[in-house]
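1. kindly return the folded structure for what I paste below:
(one chain, ligands or ions: 2)
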Amino acid sequence: MFSDLADSTALASRIDPEELSEVIAAYHRCVAEVIVRFGGFLAKYLGDGVLAYFGFPVAHEDDAERAVRAGLQITRVVAGLASGGTPLSARVGVATGLVVVGEIGSGEANAVVGETPNLAARLQAEAPPGGVVIAPTTRRLTGDWFHYRDLGARHLKGIAEPISLTQVLDERIEESRFAASRGALLTPFVGREQEIALLLDRWRVASEGEGQVVVLSGEAGIGKSRIAEILRERVADAGTRIRYQCSPYYTDTALHPVATQLTAAARIDPGEPVESKLDKLERVILPAAIGPEVALPLLAELLAIPPGDRYPTLTMGPELRKVRTLQVLADQLFALGQKRPVMVLVEDAHWIDPTTREWLDAIIEPIGAQGVMLLVTRRPEFQNSWGHHPNVTSLNLNRLAQRQSAALIAYAAGRSLPAAITEAVAARADGVPLFIEELTKSVLESGLLREIDGELVVDGPLPPLAIPTTLQGSLLARLDRLSATREVAQIGSAIGREFDYKLLTAVAGLPEGQLQAALSQLEVAGLVFRRGRTPEAIYAFKHALVQDAAHDSLLKGRRQQLHARIAEAIERQHPEVATSQPQLLAQHYAEAGFAERSATAWLQAGRLAASRSASSEAAMQFARGIDVLQGVEPGRERDRLELDLQVGRGSACTVAHGFSAVETERAWVRAIALLRDHPEDLRNFWARRGLSAVYSSRADMTKYAAIAGETCADGRRSTRGSASSPAPTRSSARACISATLG
Ligand SMILES: Nc1ncnc2c1ncn2[C@@H]1O[C@H](COP(=O)(O)OP(=O)(O)OP(=O)(O)O)[C@@H](O)[C@H]1O
Ligand SMILES: [Mg+2]
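-> Ligands and ions are numbered 1, 2, ... in the order given. Modelled structure (predicted):
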């Protein structure tokens, strides 16, 4: 986010320098306060400009939204800072993207490398005084949280393509976080039959006057809000519905969810006169134990409406005021329940403020005798002690099963996708509906698929699926909530989806105590699972995407260094792993940038697989070895390795894909080319024999005759054998000759 004072040059000419410096200091103070309040990081002042990061040093799932909220707030605060009759206004620009933050050459700490800050500064310049302008990347992430105005595409200095700009006008009232962030295009609902049946059953019991509380738990994106919405739809005709939405920005504003709901229910508009606000409030209040003479001033206070002289002044102290307010709220709820059953949804209780929390604690018990159902959704970090009440049910949402994931992928894509894509998305998303939706969308947008005759097909081999930008924040936030453990998670992620304690210790180089503390934090946070006890323990990332996010958050240099250390630790400490799973070493060496070592390990892996008759795997492994060779300096050593890999690939492909396959042909042709300088090598015979089989199976007689002739010549010349290429037996040479003659 970049914020600047509008017209500061003009201002400088109007007021004297001393006053100007006071104005700027006041402006800086306000901006700094707002940035901190929304969880941002003040990076630097540039004259009267201010650059702030959201997402550094700690990521939040909603950093784009935070930056925009902060921007709007800055424009308001600055507008209130009039200087000696001269109005002030700020301009703000917000852009989103990946950057590298660190110390750069001149020793400037927390400097950013990347285009995003420049873009934010350019956007700021496009904003009208008092306005906030955002980039398309930011707009994608801010959903329906705000009112926007489209400013069209504009050319910005230093940026090649025109960029479409959006001005943010103001915040929308957040009645439902779900509706604002995901509600626009809902995919059809899948599964969860039992959960819905249970919720409907509790609703039935509550409707009969035996109030119920259900705590619906599960991690982000698992589908809590969606189920709650379904329940709300199902009860719409039979009951009154209330939604209390907790918000990450108001975790310490007393009764924020209740106040927001009441304002909306009474249809009170923030801009209208006090008198009409009070009239509206009076209209929604019900007769209850605490009479209106006390209830109304308390509720007016809750909604920050000055009561004027309409009601007698309350003389209670603050503590009693709170107790009475909570009572009034309970009274009102239960009075409502007397008329029709009420379904109260408390959304996102992990962001609840302490007073709303206190209110819930107090009403759990009495709800049992009321026609009220209280449904609380929460992520695992919210703890409660309501479990012992007989009218409380805990319901945990698990991941979707494979079949349901596949169905959701097809719905999210709006058509059926190639099986390989469905499998890859399902494997990466681990049954979390949000991950499934976002990954599917990003695969469709990635250009990986092509349409042929109305069907989508994949072009070439499937590359690893990138993390969708919409999920980056939320995944990193999961890791960053535990900043001390992020490093351990990153090291684990470099080892793999599973990592064992011993290897981790060898690579991390951290004191035992620190490592164990970090691991148990990761476990408690639900990011990793553990099997067995230390030092034999094995850990696994709960989600493939969390592992990816941790791995992606490593800078390239550090990542390479870690992979090199892992490969060396495996070779040194787990020689059995190095021998039995050379593919593991090969991957770490490739990531470490040690291409030659990686190719050698792929060669071993391929040979091992071939010796176990796993020809398809072997063919793939030889091919990966050939791929990494691109990073090796040309020379004899490189050619020797490639020759081994091509010969291995040729044999494996013959079995896995057949004599006539293109891959088989390609391997033999290249092997023969590499053998040109080694006429004595026995593999001349094998490679030519392989290639002649390719042509004979394709009935390409011209090429066949040519190559078969060479093969026989080789067969006759060869006498010696070696481990990797046994001497052709007399009978195989004879078979070849007779085939040639026949
Ligand atoms: N059973 C389901 N069938 C189809 N779509 C689903 C299902 N469950 C969830 N979704 C979709 O997955 C996305 C995430 O679900 P939802 O917002 O309900 O998760 P949540 O658990 O409330 O997450 P958070 O903790 O962030 O609030 C939504 O777009 C939702 O529509
Ligand atoms: Mg939700």
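2. from now on I want contacts and neighbour counts done on CA atoms only, so please keep to that.
-> Noted.
3. who's in contact with the residue in the stretch 251-400 of the chain positioned nearest to ligand 1?
-> Across the stretch 251-400 of the chain, the shortest distance to ligand 1 (Cα to the nearest ligand atom) belongs to R379, at 5.7 Å. Contact partners of R379, counting by Cα atoms under 8 Å, 6 or more residues apart in numbering, are S217, G218, E219, A220, D348, A349, H350.
4. distance of the residue lying closest to the fourth one once chain neighbours are set aside from L216?
-> This means A220. In this structure, A220 finds its nearest non-sequential neighbour in R379, 6.5 Å apart by Cα to Cα, 6 or more residues apart in numbering. Separation of R379 from L216 (Cα to Cα, to the nearest Å): 9 Å.
5. which residues in the stretch 1-150 of the chain form helices?
-> Using DSSP state H, counting those that start in this stretch, the helices of the stretch 1-150 of the chain run over 8-14, 17-37, 63-79, 116-126, 136-141.
6. mean neighbour count for those - can I get that in a markdown table?
-> Listed next are the helices of the stretch 1-150 of the chain as a markdown table, based on neighbours: other Cα atoms under 10 Å:
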| stretch | mean neighbour count |
| --- | --- |
| helix 8-14 | 12 |
| helix 17-37 | 16 |
| helix 63-79 | 23 |
| helix 116-126 | 22 |
| helix 136-141 | 18 |
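7. would JSON lines of these with distance to ligand 1 and mean pLDDT be doable?
-> Below are the helices of the stretch 1-150 of the chain laid out as JSON lines (distance: least, Cα to the nearest ligand atom, whole Å; pLDDT from 0 to 100):
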{"stretch": "helix 8-14", "distance to ligand 1": "42", "mean pLDDT": "75"}
{"stretch": "helix 17-37", "distance to ligand 1": "22", "mean pLDDT": "87"}
{"stretch": "helix 63-79", "distance to ligand 1": "14", "mean pLDDT": "93"}
{"stretch": "helix 116-126", "distance to ligand 1": "26", "mean pLDDT": "90"}
{"stretch": "helix 136-141", "distance to ligand 1": "14", "mean pLDDT": "90"}
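8. which one of these lies closest to F54?
-> helix 63-79 (5.4 Å; Cα to Cα).
9. orientation of the closest one relative to helix 17-37 in degrees?
-> Using axes from the mean of the first three to the mean of the last three Cα atoms, to 10 degrees, the direction of helix 63-79 lies 150 degrees away from that of helix 17-37.
10. show the contacting residues for the nearest residue to V168 once chain neighbours are set aside.
-> Ranked by Cα to Cα, 6+ apart and with sequence neighbours excluded, the top spatial neighbour of V168 is Y148, at 4.6 Å. Y148 makes contact with T166, Q167, V168, L169, D170, according to Cα under 8 Å, 6+ apart.
11. how about a cut-off of 7 Å?
-> T166, Q167, V168, L169 (Cα atoms under 7 Å, 6 or more residues apart in numbering).
12. same check, this time on A254
-> For A254, the contacting residues are D353, P354, T355, T356, by Cα under 7 Å, 6+ apart.
13. does it count as helix, strand or coil?
-> Following DSSP: H, G, I helix; E, B strand; the rest coil, the label given to A254 is coil.
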